[in-house]
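J.: kindly return the folded structure for what I paste below:
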Amino acid sequence: MITFKKGILFAHRWLGFISGLVVFIVSITGCIFCFQDEIQDAIHHYRHVDNLYKPYLPPSVLKAEGLKGYPGATASYMYYYGADRPAGVLVNLPKDKGMLYVYLNPYTGKVTHTENPMHNFFIIVEYIHLYLLLPPKIGGLVVGISVIIFVVLMITGIILWWPKRKTDRKRSLTIKWNGRWRRVNYDLHNVLGFYATGVALILAITGLSIAFDWMREGIYTTANLGKAYPQEKAVLKSDSVLRGKTNTRFVIDKAFEAAQTGSPRAEMFLLFDDASASGTIGISAYAQSLHYYKSDEYAFEKYTGKMLKKTSHAQKSPGMKMNNMNYDLHVGQVLGLTGKIIAFLASLICASLPITGFIIWLGKRKKGKSKKGKEVAHRRVVKQMGV
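T.: As a prediction, the model looks like this:
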């Protein structure tokens with residue numbers, strides 16, 4: 001058993017060295033990002049509009065307003081964030097000059113704010129969290145592997161923490177605040193690590209689902225107990241033969257109207273107009289603004305506006321519901337403000353673990369050197385005395 005624990009400790013220590021810096025960065029940026037909606041709502045006036053209690057302007061009108069002044073630009077994504085929130089048009093500038101996010105009043109069409117997403121503090125924090133500001137493929141892989149290592153660290157940490165005797169349980173669950181600072185640091189690493197493990201595992205798994213397709217598919221398959229739902233995987237296409245033969249300018253308006261009728265209680269809508277010849281118009285109708293779990297999904301023929309498919313939240317498989325819930329779980333908002341606070345505290349503890357763990361290692365290393373030095377000095381004295 002002692003040899004086993006030593007092996008676990010060795011793996012825990014060196015895996016911590018390998019992933020520690022990345023885990024700290026990912027965790028601390030996760031803390032900052034948890035309350036990004038609340039903070040931005042408080043400091044940015046353009047994230048709110050007066051509710052005029054009348055229908056929104058059609059998406060074709062808002063899209064045209066959003067593209068004004070940007071010749072050659074295109075826009076495939078649009079949001080209606082809610083009755084008291086703006087609409088948003090994601091403008092892709094020509095010649096790979098980047099993108100702009102144009103906010104508009106959904107009732108008047110007036111542009112209220114234009115923003116380069118890469119200049120938004122929280123978008124930068126998100127990119128650090130996801131990619132460490134490296135190229136997405138490289139950064140995503142580095143972060144993903146580090147999170148996998150962190151999951152192993154949590155498991156090995158629980159094994160190392162587990163009390164040998166029942167009488168040790170109370171001591172293992174409390175921090176000895178009146179002890180020496182090294183003891184307090186030791187307890188902070190072990191006790192807080194134990195309390196945060198359950199939430200941290202959820203954050204790690206949902207994060208891996210964002211980073212890796214295989215994790216997302218694994219969650220989907222597991223939640224569905226292996227049962228297949230081919231209708232959810234079906235790829236829908238528009239009839240490209242109709243391209244150029246019909247006036248498609250107002251088709252998206254027709255599609256949006258149908259989605260509003262089909263989901264009258266939805267607070268937020270995401271519209272995606274696939275620019276490819278056989279692409280479709282996709283609309284997601286979300287039950288709550290800025291929440292991405294409960295949604296109805298629509299697909300429309302882009303040349304005629306014919307509805308090709310509607311999948312309500314109730315019709316979705318358990319696996320699809322779990323994948324839809326992923327973001328809300330990851331930031332804690334699935335449980336509202338309480339969930340965000342829990343996610344924030346768990347992320348903060350995760351950020352502290354590489355630091356407290358390194359201090360523990362450093363202390364043992366110095367203690368080992370000190371002990372070795374005393375033994376050498378003792379042998380030298382003994383030798384001089386001729387004993």
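J.: what is the burial count for Gly218?
T.: Neighbour count of Gly218, defined by other C-beta atoms under 10 Å: 15. No exception for glycine: its C-beta is placed from N, CA and C like everyone else's.
J.: now it: how far from Lys137?
T.: Gly218 sits 21 Å away from Lys137, taking C-beta to C-beta, to the nearest Å as the criterion.
J.: for stretch 150-166, list every residue counted as buried.
T.: 150, 153-154, 156-157 (16 or more other C-beta atoms under 10 Å).
J.: going by distance to Thr206, which of the residues you listed wins?
T.: Phe150 (13.2 Å; C-beta to C-beta).
J.: check the closest residue to that closest one other than its chain neighbours and give its pLDDT.
T.: The shortest distance from Phe150 to any non-neighbouring residue, by C-beta to C-beta, 6 or more residues apart in numbering, is to Val23 (5.1 Å). pLDDT recorded at Val23 is 97.
J.: so who does Val23 touch?
T.: Counting by C-beta atoms under 8 Å, 6 or more residues apart in numbering, Val23 touches 146-147, 149-150, 153, 350-351, 353-354.
J.: let's have those residues in TSV, adding pLDDT.
T.: Below are those laid out as TSV (pLDDT from 0 to 100):
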residue	pLDDT
Ser146	97
Val147	96
Ile149	96
Phe150	96
Leu153	95
Cys350	96
Ala351	97
Leu353	96
Pro354	96
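J.: please dump the residues you listed into CSV; it should also carry secondary structure and distance to Gly16 for every row.
T.: Listed next are the contacts of Val23 as CSV, based on DSSP: H, G, I helix; E, B strand; the rest coil; distance: C-beta to C-beta, whole Å:
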residue, secondary structure, distance to Gly16
Ser146, helix, 11
Val147, helix, 14
Ile149, helix, 9
Phe150, helix, 9
Leu153, helix, 6
Cys350, helix, 12
Ala351, helix, 13
Leu353, helix, 8
Pro354, helix, 6
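J.: which one of these is nearest to Phe194?
T.: When those are compared against Phe194 (criterion: C-beta to C-beta), the nearest one is Leu353, at 10.9 Å.
J.: helix or strand for the residue lying closest to the closest one once chain neighbours are set aside, which one?
T.: Take Leu353 and drop its neighbours on the chain: the residue closest to it by C-beta to C-beta, 6+ apart is Gly193, 5.6 Å away. For Gly193, the element it lies in under DSSP states H and E is helix 181-211.
J.: now the element after that helix, going C-ward?
T.: helix 213-223.
J.: where along the stretch 51-200 of the chain do the helices fall?
T.: 59-67, 121-131, 136-161, 169-172, 181-211 (DSSP state H, counting those that start in this stretch).
J.: distance to Gly226 added to these, as JSON lines?
T.: Below are these laid out as JSON lines (distance: least, C-beta to C-beta, whole Å):
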{"stretch": "helix 59-67", "distance to Gly226": "39"}
{"stretch": "helix 121-131", "distance to Gly226": "30"}
{"stretch": "helix 136-161", "distance to Gly226": "23"}
{"stretch": "helix 169-172", "distance to Gly226": "39"}
{"stretch": "helix 181-211", "distance to Gly226": "18"}
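J.: ok, now which ones touch Val91?
T.: 66-67, 70, 73-75, 99-102.
J.: what about burial for those residues, which qualify?
T.: 66-67, 70, 73, 75, 99-102.
J.: and of those residues, the nearest to Phe272?
T.: Out of the buried ones among the contacts of Val91, the member with the shortest distance to Phe272 (by C-beta to C-beta) is Ala75, at 10.5 Å.
J.: so that closest one makes contact with Leu67?
T.: Yes: proximity of Ala75 to Leu67 meets the contact threshold set by C-beta atoms under 8 Å, at 5.9 Å.
J.: overlap in contacts, those two.
T.: The contact lists of Ala75 and Leu67 share 89, 91, where a contact means C-beta under 8 Å, 6+ apart.
J.: I'd like the contacts of Val23 as a markdown table, with distance to Lys95 appended.
T.: Formatted as a markdown table, those follow (distance: C-beta to C-beta, whole Å):
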| residue | distance to Lys95 |
| --- | --- |
| Ser146 | 36 |
| Val147 | 36 |
| Ile149 | 41 |
| Phe150 | 41 |
| Leu153 | 45 |
| Cys350 | 42 |
| Ala351 | 40 |
| Leu353 | 46 |
| Pro354 | 43 |
